[in-house]
Structure formats: structure tokens, C-alpha cells
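# Give me coordinates for this.
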Amino acid sequence: MAKLGPGTVVAGLTLGALAAVGLLAFQADGAESRAGAARAAEVSASPSATPTPSATPTAPALPADSGTGLRVVYSVQAHQVWLVDPKKNPQVIATFKVLPGTVEPAPGSYRVYSRTATGTGTDKLPIEHVVRFAQQNGVVFGFSAAVASGTATPTAGPSAGLKTGGIRSGRADGQALWDFAPNGTPVVVVA
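Below is the predicted model:
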């Protein structure tokens, strides 16, 4: 067996110590991320928290008159959106609060007919994930997220006097709807 010199032993111990410190740092970072996620989950569980793209226990139940099959459901009274996929369990894969424009779409069944990744809303705010589903009396109705809202709840309503049909969500919810609803996806509007 070959003898190891003191330099080799010191180098080996140094490498071992660096590996141990790296492992501990990695574990600490993971613990911090898990703690942050737990704090975020606690905050999102509070009634005043930002809606997240998922069904929450405090969210209103899917309206019984909302149709069948894969669909986006929007309640005019509750200002709530449900993303429904009957092939999933649970069928409601996300639900979240929204902020309507100055004009609401009439209850009925529609289909997504147009999508735009980014743009400017009729209220002159930069928006993203625009999913349009109806036009009534010169007003275009669609879901979008105001870029300035970050991941928080939608920003305050549009300027007075504008006829807007934009139904605004937070950015995370806007992304969830964008991913769920390509052109042709049914949208059911209920009272």
C-alpha cells in the first residue's frame, strides 16, 4: 500500500469539508424554499389573499347551470372563473376571482375565437394572455391580465366613461386560462 503524504491528506480533508459545506448549503436553501412556499400557502389560504390558479375550499361551487364538457365558466354575479375538464379529478382544475370591465357579457354559450399574447387594453393598460370569446353591441369580451398587476389581484377598474369588456385576472390566473383555452374552447357565461 502506498503511503500518503501530509499534503495529500490535507487536500483530501479540505475537499471533504468543502463537499460537506456545499451539501449543507444546498439543504439550507431547500429548507428556505420550502419555508417560503409554506408561508405563501398560508397567505393564499387567507380570505383576503390573491387568488391562485387552483380550486380553493372557500371558492364558490361550480354553478349547476354551467353546461358540460371541457369549458371555461364565468359568473357575472360572482366575478368568478372556473376552468373545467371532465377528464380530470377533480373536474374543476382552477378557479379564481376576476375584475370585470364596465360592461358584462350576456349569459350564454360562446367559444374562444381569438387570442393575443400581449397588447394594450381599451383602458390603455398593458395586458397579456388575452382570450376573446364574444362581441356584443360593439364591445369585445375577453379575459386578460394587466401586466402591472404582477401576480396580485387585478388592478382597479377601468377609467370612467369607457365601455370595456375586458375581464381581468391576476397574472398567474391569466397564464392558467391562456394555457387551458385555445381557440374553439367553449366559454359559458352564467348570471
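
# Poorly predicted segments of the protein, please.
1-57, 149-160 (pLDDT under 70).

# Where do the domain boundaries of it fall?
Domain assignment for the chain by automatic domain parsing gives 1-49, 71-190.

# end to end, how far does the longest one reach?
One end of domain 71-190 sits 13 Å from the other (CA to CA, to the nearest Å).

# now stretch 177-188
End-to-end for stretch 177-188, by CA to CA: 14 Å.

# Give me the residues contacting it.
If you take CB atoms under 8 Å, 6 or more residues apart in numbering as the criterion, stretch 177-188 is touched by 53, 66-67, 69-74, 81, 83, 85, 93-94, 108-115, 129, 131, 133-134, 143, 169. Just so you know, the C-beta spots here come from the backbone N, C-alpha and C atoms, and that holds for glycine as well.

# most residues in a single strand of this structure, which one?
When the chain is parsed with DSSP state E, its longest strand is strand 126-136.

# just checking, what packs against it?
In terms of contacts (3 or more CB pairs under 8 Å, 6 or more residues apart in numbering; DSSP states H and E), strand 126-136 is packed against strand 108-111, strand 114-120, strand 139-146, helix 171-180, strand 186-190.

# Can you tell me which of these is most buried?
Ranked by mean neighbour count, the helices and strands packed on strand 126-136 are led by strand 139-146 with a mean of 23 (mean count of other CB atoms under 10 Å).

# quick check: angle from it to strand 186-190?
100 degrees (axes from the mean of the first three to the mean of the last three CA atoms, to 10 degrees).

# how about the CA coordinates for strand 139-146, as PDB?
Only the C-alpha atoms of strand 139-146 are listed here, as PDB (Å, rounded to 0.1, in the frame of the first residue of the first chain):
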ATOM      1  CA  VAL A 139     -67.900  45.700 -27.100                       C
ATOM      2  CA  VAL A 140     -65.300  42.800 -27.200                       C
ATOM      3  CA  PHE A 141     -65.400  40.500 -24.300                       C
ATOM      4  CA  GLY A 142     -62.300  38.500 -23.200                       C
ATOM      5  CA  PHE A 143     -60.100  37.500 -20.300                       C
ATOM      6  CA  SER A 144     -56.700  39.100 -19.800                       C
ATOM      7  CA  ALA A 145     -54.200  40.000 -17.100                       C
ATOM      8  CA  ALA A 146     -52.900  43.600 -16.500                       C
END
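
# Much appreciated, bye for now.
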